[in-house]
Every structure is written in structure tokens, then in C-alpha cells.
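Student: sequence unknown, structure follows:
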């Protein structure tokens, strides 16, 4: 049987599920503490279905952008997959209801128009979620005495976050697509740079105290492409 490569995402969910993304990559979502044996058994049982769908995706791809911003496409928001439902309307809007991203635009056949409205939604959500999440981390880790002068939320093409010598932390808007654990990891990573301005031993020792699972999260985060 053909080897199936997949990435495992652990969370507080109660069931196991397999997702095949638009780039033909396979993600297995499982509850915490699920054994490797159980995951392997699921993959073997679903192997024919997985191979069929990944082959179809590869056969239909023509080096087009990973996201086409068309009706029915799958998009992520805070780690969950949502189906993009596009409707035509004069007044644009975007909202989430029951695993669906409902989006309206006067130009439903324009990927640029759809993308613009969707990212407005992402930016608005990030501006609401990220400050609250950072404040929670600062409260949890108050004993470390982190001093953040300001938080900036913006789209970055090559990094998930950054920190200046003056205590300004920037977090990539794109992180709002991913599970909260990755957002927290990036924030704690940048907080460590308030004390250690490089990636030396001191930096990683501090990061290990704040986020013991940082190596796993960093490896998983590399599987998500910046757009």
C-alpha cells in the first residue's frame, strides 16, 4: 500500500477526524493522549478514501494559488475548518455560523473582492482576540515581570511575530486562522525576546519554562504556510 504522510493535531476534542486540505496534505485531529497505535489504525482503515481524494486533488491542481477564494472552499479560523459560502449583495459582510463562513460581496466571482472582505474579518477578529490573549499570558506569567510597551497586529509575509528592543511586540494577523495554542506559543516566544534579544541558551531556557511544549508547537507551526 502507498505510504500516507500526515500531520497529527492534538486538541481537547472528543473524536478522531481526518481532514484533507486543498494542497492534498492530510491532517489527523485527535484528542490529547491518543496513542500512536490508535492513529495508525485510523489511517489504515481510511487509507482507500485518503488516497482517492489526495490523488484527485493533485490531478486537478495546475500550480494555481493554494487559495482561490471561491464558494465551497475550506478556510481556517482559530484552528477549525469552515466552508466559505459566498453570496451576492450590495452591502459586504462576513460572519461565522456553524462551520460556515458566510460572506457577501457585490462581486462574488472576484477572488480579490472575496479575499479583501475575508481578511477584513480576520483583522477584526485578531484585533479583538490577540490583546486579550496577551494580557492573559502576562497575568499568568506575572512573576517574570515582562514589560510590553505596545502590541501591534499586522500581516507579515515571512514571520509569525517580532519584538523590538523597545518592547514593541508584533503578531501576524494570519495566526487568527490557527489554533489558540499556536498564538500563545508565538506570543510567549516574543515575550522571551524582551529579556533575551537572540536565540541563545538563555532564550530557550526561558521559553522552556514558559512553554514546555514549544518544540512540538514550533514543528507543527512550520506546516502552516504564510500567505
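Tutor: Everything's here; your move. In this text the structure is predicted, and so the values were computed from the model without any measurement. Numbering: from 1, shown residues only.
Student: okay, CA-based contacts and neighbour counts for the rest of this
Tutor: OK.
Student: so what's residue 78 up against?
Tutor: Residues near residue 78 by CA atoms under 8 Å, 6 or more residues apart in numbering: 175-180.
Student: Can I have the buried ones of those as a PyMOL selection?
Tutor: In PyMOL, this line selects whichever of the contacts of residue 78 come out buried by 16 or more other CA atoms under 10 Å:
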select buried, resi 175+176+177+178+179+180
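Student: Out of the contacts of residue 78, flag the one nearest to residue 161.
Tutor: residue 175 (9.3 Å; CA to CA).
Student: for that closest one, helix, strand, or coil?
Tutor: Under DSSP: H, G, I helix; E, B strand; the rest coil, the three-state class of residue 175 is helix.
Student: Quick check: it vs residue 167, distance?
Tutor: Distance from residue 175 to residue 167, counting by CA to CA, to the nearest Å: 20 Å.
Student: Then residue 142?
Tutor: Distance from residue 142 to residue 167, by CA to CA: 16 Å.
Student: Which one of those two is surrounded by more residues?
Tutor: residue 167 (18 against 11; other CA atoms under 10 Å).
Student: who's in contact with the more buried one?
Tutor: 147-150, 194.
Student: again, 6 Å this time
Tutor: 148-149 (CA atoms under 6 Å, 6 or more residues apart in numbering).
Student: Can you tell me the closest non-neighbouring residue to residue 217?
Tutor: residue 182 (6.6 Å; CA to CA, 6 or more residues apart in numbering).
Student: quick one: which helix or strand includes the one you found?
Tutor: For residue 182, the host element (DSSP states H and E) is helix 180-192.
Student: And that helix, what's buried?
Tutor: For helix 180-192, burial by neighbour count (16+ other CA under 10 Å) applies to 180, 182-192.
Student: The most centrally placed residue in the chain: what's it in contact with?
Tutor: Closest residue to the average C-alpha location of the chain: residue 178 at 2.0 Å, with CA atoms, centre = their mean. Residue 178 sits next to 78-79 when contact means CA under 6 Å, 6+ apart.
Student: Next one: it from residue 80, what distance?
Tutor: 8 Å.
Student: from the chain's centre, how far out does stretch 84-91 sit?
Tutor: Here stretch 84-91 shows a centroid-to-chain-centroid distance of 24 Å under the convention CA atoms, centre = their mean, to the nearest Å.
Student: where's residue 117 relative to residue 173, distance?
Tutor: Residue 117 is 14 Å from residue 173, by CA to CA.
Student: if you count what's nearby, which of the two comes out ahead?
Tutor: residue 173 (22 against 17).
Student: Can you pull out the low-pLDDT segments for the chain?
Tutor: 1, 22-23, 57-66, 225-227 (pLDDT under 70).
Student: switch the cut-off to 80
Tutor: Within the chain, the ranges that satisfy pLDDT under 80 run 1-2, 21-24, 56-66, 158, 223-227.
Student: Pretty sure residue 162 sits in a strand.
Tutor: Yes - per three-state DSSP, residue 162 lies within a strand segment.
Student: let's number from 321 now, not from 1
Tutor: Got it, the first residue is 321 from now on, which makes the last one we talked about residue 482.
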